[in-house]
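Chemist: Have a look; sequence and predicted model below, questions after that.
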Amino acid sequence: MYVSLSHYRNLLSTYLRPQRSQVMLLAILLFSSIGLQLVNPQIVRTFIDTTQRGGPERTLLLAAGLFVAIALLQRGLALAAVYVSENVGWSATNALRADLTLHCLQLDMPFHKEHTPGELIERIDGDVTSLANFFSQLIVQVLGNGLLILGILLLLLREDWRVGIGLSVYTLVTFLLLRAVQNVAVARWAASRQASAEHYGFLEERISGTEDIRGNGGEPYVMHRLYRLMGTLLQAERSARLVSNITYISTNFLFVIGYALGLGLGAYLYTQGQVSIGTAYLVVFYIGMLSAPLESIRTQVQDLQQATASIGRVDRLLRMAPAVQERLHVALPNGPLGAAFENVTFGYDGGEPVLQNVSFALHPGRVLGLLGRSGSGKTTLTRLLFRLYDPAVGTIRLGGVDIRDVSLDDLRGRVGMVTQDVQLFHASIRDNLTFFNRRVTDDQIIAVLRELGLWVWVESLPAGLDTELGAGGQGLSAGEAQLLAFARVFLKHPGLVILDEASSRLDPASEQLLEQAVNRLMGGDGGSESRPTGIIIAHRLQTVLRADAIMILEGGRVLEYGSREALLRDPNSHFNRLLQTGLEEVFV
Amino acid sequence: MSTVSKPTHIRTWPFNWAIVRYRPWPIIVFSVFHIVFLAGRVVPGLIEKSVFDTMTGAAPVALGLWSLIALYVSFELARFSASFGEIWGDVTFRYSVGALLQRNIVASILRKPGAVAPPVSSGEAVSRFRDDVGEVADFPLWTPHVIGEVLGSAIAIAIMARINLFITLVIFVPLVASVIASRMAWGRLQRYRHASRVATDRVTGFMGELFGAVQAIKVANAERDVVAHFRTLNDARRRATLKDRLFGELLQSINGTAVTFGIGVTLLLAGRAMSAGTFTVGDFALFVYYLWFTAELPGTIGAFIGDYKQQEVAIERLEELVQPEPANVLVQQAPIYADGLLPAVPVPEKHAEDRLERLHVSGLTYRFPGTDNGIKNVDLSLTRGSFTVVTGRIGSGKTTLLRTLLGLLPRDGGIITWNGVAVDDAATFFVPPRSSYTPQVPRLFSEPLRDNILMGLPEQRVDLPGALRLGVLEQDVTVLERGLETVVGPRGVRLSGGQVQRAAAVRMFVRDPELLVFDDLSSALDVETERSLWERLEERRAASTMGAGGAMDGGTVTTPTCLAVSHRRAALRRADQIVVLKHGRVDAVGTLDELLPVNHELQRLWRGDVGDARQVGTPGTDELATPSFA
């Protein structure tokens, strides 16, 4: 995949600019620690030569002290550099993670139908994690280690031009050879990873399928397959390790050659009387130092290849744009919102229409009871009201405004929905109610909970509002979860409420609380002026009787629509027939 | 029947001894090569010393400079080449022992009642299979590593002490202290590591929740607020990870600091001796060289002790997977066939005593642990060739009855007899050729359809086409692009719910058992398909009772006795016997004609044709709603 230079630059500048001072600090730390690494061999040389010359002991002690001081300082700097670079890397990648997550959340529902949460986690967290090194290390490491190598070579050149040239050639050749052998085992590693993925996939499936296996006497077969997979895994892993050992051996052997070269050169120059014994040792010492930065640059180059793949994937994700776009920002009127569909036709992904030519108008403050078999388009109709999708044909109005002209914030802030399937987070009750909106005060929450008759329950919990809910709402009954969903909607003070009524059997106590909640939400007792408009997907007779108007959908078309009273009066209405058969018989 | 036994524990050393004994050769090969490799590190230092001493004339010329350098290169080449043997031993040991542990755990899981929920989720079990097995198989390899390092260091220190005892002592006494320091710090490092893992789990867990609740978030207009929370979790992860990394780095630099300190001390103390010529430049080079690897020892020992503790935890986590069986099941010796020479899967042979004449169940009871739900005192009698349908409302205990009978749940009471002989271990008894079972939600595995059906049976010895026809799957197979070779499951072709269920039925038919047990085929089959399935089964039963079946497909065909859970009219009508369950007890037994006029439960089920598996919104349920809407 081709990723242009400007991509790297853009990413770096976007996510590193806010941390400019940290990045500068990192550069200073790295460069000074590299500089210090170059100094110490010089001290050792002075030391050795002084001893051989019989120089003053004061010089020796000074050299020893200086050596320890510089070495400790260098370690401290290196440690600080690790800290700062990790911090820079994590801050940058966290920002990228948050941006990507927000971006994905804002993408349309069709996107989320195609990509499972697991896949998105892998794409966001997995890919971004492999970029951490790119942000925090790549440039400084390559630059820093490059400078270190250059420094060593220059210092060697200063000692003797033949040594300098010889080792420059050695460095270059070594680097190229290392690059050449680094990929010898790639195919085998891929085979080994594949074997491992198959093996663990096999295990996962069989462990969750023990009933089928035992009930049909399949154990010997499962064991047979297991032996085969484990055998394959052993062979694949062993051959991958043995082949990649070639890389390891060549790397180390090149360093051995370098070291031998250093020993030989040092010895030769010394015996020729061209350098002191201290200098000969210095040459050997410096050459020993060459291996680490060479290895480090090689891994950085390798990492860059992985990072490039990740950058490409991240970039592709960022380039996706939602189909639902805001075009104007007309404000919705205050108070209850009337809802109107005008000849709306819609099909998912432009396919078979799920809604066909649906029209109706619901006055502000009135309640519509929506009936129909599963698959008749009830849920789809409610989704369109939130602009989770845009209709192919027709217009939807809220409070008289085409919802495509309203900002999504305004639209979704004014319409509330309670679904059967309540999504709860592994977080406190407060955060679950407010969706992590910190601007909602506890007083507001408590008021709503009191109104719903839930406060007694929440108060009785060990940590009250701070009580953590388990993942997926563990430990809550279906009824309690539904009540929390009601509380969420109450907190919004919506102008339109959509209620997908739970048809599952709830225990009588929760059922009663829910009934009260619906009453309060829909103002069922009297019809105050401020009560929101309501659309209820009804499963129970009681709910239907609360509605002002009734709409029956079938196959995406409006089969019947009218005021409840009028439909009741008409002995031939579908509605009447339904009431006789019993709703549950039809819609469950 | 369920025996409650106290979980047993196997201690770390016996555990390790058992796995080493299982594959002694690989670990011996590894040890020899690895110890030689590590201890061999003293040699280059000696050569370097000789080079410098030869140069300065401090020592008599033994070999000559160039010979020394050639010696150095060839020695190192030999030493590094030894790593091939080391790797062979390492991987062979690790993966053979890992295979044994995995084999033993899988076998143990398959010995448990098949429908009892495992102690951990399958995802968690897989992570234990990978990480904990890896952890315990790794530990025995540490011992040779530590031995090699200790040996190498001991030789190095002895050489250094012979050169200059005083300097050697001053260098190494503080190193002992650093062993203790790094050991103490190790516990803290584990804590930091754990904290950072927890913080990471919270981040990925929250992402999973976010993307699982996209619609709710959009509807609540909460995208920005949830991402703000995501940022705080991210930040907590950054802090935890930084702490972990910094501390780890600090520990590592203890090593480097010890070297620095050692070189510094050598410089301080050796200065005068070097000037006096009693400590040569070669000695100095040797000290510096040896310091680099002897300083690794404290870290290694610290990590070794830590790993020992970690292994204890890993063993415990593996023990949980085999409970209630004793822990030593884990390390039982068994072949793993690593060479690929596998024995054939045994084919169950049908013997005369397997022929089902009469299956009788009395007082069968199972209670779900900690509740009052389950089945109580169920009596049931099946005769050869009969068709029995168990029916009842949701939660009346139909599935539990089948599972308890088959031993997929451990029964709490009751007697099962097969032709009058008591069946003690139902789970091992109710398997082909005696019985076969299709669960309510059958599972197929990610492999070709053929393998899913045959599960190792040799195709030439069974009647696969007949079974396909019986299961009403023969049409589907011709439509599939690769027929029976089609790989099904998440990584292959997605079969419809009905196809999965029929494939599972075929899997059952192909084993030609005496007793066929179905749990509610109707949950995914349309009325038409289910009807033809019952029809074909009936034809077959009729044919084989008349004695003509034997000639039909050229094989012997059993008169199948059927036990099925169903609420469909097609099944109820055909039943020789209907067992109505209510609250876990038998409400009535009889034929449809006998029961329909008198039994209220059956009337209700018959009238509404409403059983279970009719959840709102599940695809494919619309067709079941009998009253027409329009």
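Modeler: Structure received.
Chemist: ranges for the strands of chain A?
Modeler: Secondary structure of chain A (DSSP state E): strands at A:339-346, A:355-362, A:367-371, A:393-398, A:401-402, A:415-418, A:496-500, A:533-537, A:549-554, A:557-563.
Chemist: okay, the ones you listed in CSV with mean pLDDT, distance to chain B and mean neighbour count next?
Modeler: (Glycine included, C-beta is placed from N, CA and C.) Listed next are the strands of chain A as CSV, based on pLDDT from 0 to 100; distance: least, C-beta to the nearest C-beta, whole Å; neighbours: other C-beta atoms under 10 Å in any protein chain shown:
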stretch, mean pLDDT, distance to chain B, mean neighbour count
strand A:339-346, 94, 15, 19
strand A:355-362, 92, 16, 19
strand A:367-371, 90, 10, 25
strand A:393-398, 93, 14, 18
strand A:401-402, 92, 17, 16
strand A:415-418, 89, 5, 26
strand A:496-500, 88, 9, 24
strand A:533-537, 90, 11, 25
strand A:549-554, 90, 6, 22
strand A:557-563, 91, 7, 16
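Chemist: Export the ones you listed as JSON lines, with columns for distance to residue A:432.
Modeler: Converted to JSON lines, these look like this (distance: least, C-beta to C-beta, whole Å):
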{"stretch": "strand A:339-346", "distance to residue A:432": "28"}
{"stretch": "strand A:355-362", "distance to residue A:432": "30"}
{"stretch": "strand A:367-371", "distance to residue A:432": "27"}
{"stretch": "strand A:393-398", "distance to residue A:432": "27"}
{"stretch": "strand A:401-402", "distance to residue A:432": "31"}
{"stretch": "strand A:415-418", "distance to residue A:432": "14"}
{"stretch": "strand A:496-500", "distance to residue A:432": "19"}
{"stretch": "strand A:533-537", "distance to residue A:432": "23"}
{"stretch": "strand A:549-554", "distance to residue A:432": "32"}
{"stretch": "strand A:557-563", "distance to residue A:432": "36"}
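Chemist: Please name the nearest non-neighbouring residue to residue 264.
Modeler: Defaulting to chain A. residue B:69 (5.3 Å; C-beta to C-beta, 6 or more residues apart in numbering or on different chains).
Chemist: hm, I was asking about chain B
Modeler: Nearest to residue B:264 is residue A:68, by C-beta to C-beta, 6+ apart, at 3.5 Å.
Chemist: wait, doesn't the one you found sit right on residue B:262?
Modeler: No. In this structure residue A:68 lies outside contact range of residue B:262 using C-beta atoms under 8 Å: 10.1 Å.
Chemist: any low-confidence regions in the stretch 151-300 of chain B?
Modeler: The stretch 151-300 of chain B contains no residues with pLDDT under 70.
Chemist: ok, now which ones touch the residue nearest to residue B:264?
Modeler: B:260, B:261, B:263, B:264, B:267 (C-beta atoms under 8 Å, 6 or more residues apart in numbering or on different chains).
Chemist: Show me what residue of the stretch 51-200 of chain B gets nearest to chain A.
Modeler: Ranked by C-beta to the nearest C-beta, the top residue of the stretch 51-200 of chain B for proximity to chain A is residue B:114, at 3.5 Å.
Chemist: and that residue, that's in a strand?
Modeler: No. Going by DSSP: H, G, I helix; E, B strand; the rest coil, the assignment for residue B:114 is coil, not a strand.
Chemist: list the contacts for the residue nearest to it when sequence neighbours are not counted?
Modeler: Nearest residue to residue B:114, sequence neighbours excluded (C-beta to C-beta, 6+ apart): residue A:214, at 3.5 Å. For residue A:214, the contacting residues are B:110, B:113, B:114, B:407, B:408, B:427, B:431, by C-beta under 8 Å, 6+ apart.
Chemist: Mark out where each domain of chain B begins and ends.
Modeler: B:10-164+B:295-333, B:354-613 (automatic domain parsing).
Chemist: The first one: how far from the chain's middle?
Modeler: Looking back up the chat, that one is domain B:10-164+B:295-333. Distance of domain B:10-164+B:295-333 from its chain centroid, counting by C-alpha atoms, centre = their mean, to the nearest Å, is 24 Å.
Chemist: again with the last one
Modeler: From the chain centre to the centre of domain B:354-613 is a distance of 29 Å (C-alpha atoms, centre = their mean).
Chemist: how close does residue B:226 sit to chain A?
Modeler: Per C-beta to the nearest C-beta, to the nearest Å, residue B:226 is found 5 Å from chain A.
Chemist: three-state assignment of that residue?
Modeler: helix.
Chemist: ok, the residue lying closest to it once chain neighbours are set aside - how many residues close by?
Modeler: Here the nearest residue to residue B:226 in space, its sequence neighbours aside, is residue A:436; by C-beta to C-beta, 6+ apart that works out to 5.3 Å. Using other C-beta atoms under 10 Å in any protein chain shown, residue A:436 is surrounded by 22 other residues.
Chemist: returning to that earlier point: turn the domains of chain B into JSON lines, columns for mean neighbour count.
Modeler: Formatted as JSON lines, those follow (neighbours: other C-beta atoms under 10 Å in any protein chain shown):
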{"stretch": "domain B:10-164+B:295-333", "mean neighbour count": "18"}
{"stretch": "domain B:354-613", "mean neighbour count": "19"}
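Chemist: Going by mean pLDDT, which of those comes out lowest?
Modeler: The minimum mean pLDDT among these belongs to domain B:354-613 (a mean of 85).
Chemist: Tell me, how many residues neighbour residue 189?
Modeler: In the absence of a named chain, this looks at chain A. 17.
Chemist: ah, no, chain B please
Modeler: 19.
Chemist: Which secondary structure state does the spatially closest residue to it that is not a sequence neighbour sit in?
Modeler: Setting aside the residues directly before and after it, residue B:189 is nearest to residue B:247 in space (C-beta to C-beta, 6+ apart), at 5.6 Å. Three-state assignment for residue B:247 (three-state DSSP): helix.
Chemist: Please report how far residue B:247 lies from residue B:182.
Modeler: Residue B:247 sits 11 Å away from residue B:182, taking C-beta to C-beta, to the nearest Å as the criterion.
Chemist: More neighbours: which of the two?
Modeler: residue B:182 (24 against 16).
Chemist: which element is the more buried one on?
Modeler: helix B:165-212 (DSSP states H and E).
Chemist: so what does that helix touch, helix or strand wise?
Modeler: Packing partners of helix B:165-212 (3 or more C-beta pairs under 8 Å, 6 or more residues apart in numbering or on different chains; DSSP states H and E): helix A:57-106, helix A:117-121, helix B:133-163, helix B:223-276, helix B:281-294, helix B:296-322.
Chemist: Quick one: residues in contact with the helix or strand following it.
Modeler: Per DSSP H and E, helix B:165-212 leads on to helix B:214-219 as the next helix or strand towards the C-terminus. Residues outside helix B:214-219 that contact it (C-beta under 8 Å, 6+ apart) are A:105, A:109, A:112, A:383, A:386, A:388, A:412, A:415-417, A:419, A:422-423, A:435, B:210, B:223, B:226.
Chemist: Could you rerun that using 6 Å?
Modeler: A:112, A:386, A:417, A:423, B:223, B:226 (C-beta atoms under 6 Å, 6 or more residues apart in numbering or on different chains).
Chemist: from those residues, which is closest to residue A:17?
Modeler: residue B:223 (24.5 Å; C-beta to C-beta).
Chemist: excluding its backbone neighbours, what's nearest that closest one?
Modeler: residue A:105 (4.6 Å).
Chemist: same deal with residue B:206?
Modeler: residue B:233 (5.6 Å).
Chemist: what does residue A:149 give?
Modeler: If the residues on either side of it in the chain are set aside, residue A:149 comes closest to residue A:293, at 5.2 Å by C-beta to C-beta, 6+ apart.
Chemist: What about that neighbour, how many residues nearby?
Modeler: 23.
Chemist: give me every residue that touches it.
Modeler: A:145, A:148, A:149.
Chemist: which parts of the stretch 401-550 of chain A sit against chain B?
Modeler: Residues of the stretch 401-550 of chain A that fall close to chain B, judged by C-beta under 6 Å from any C-beta of the partner chain: A:412, A:413, A:417, A:423, A:425, A:435, A:436, A:437, A:503.
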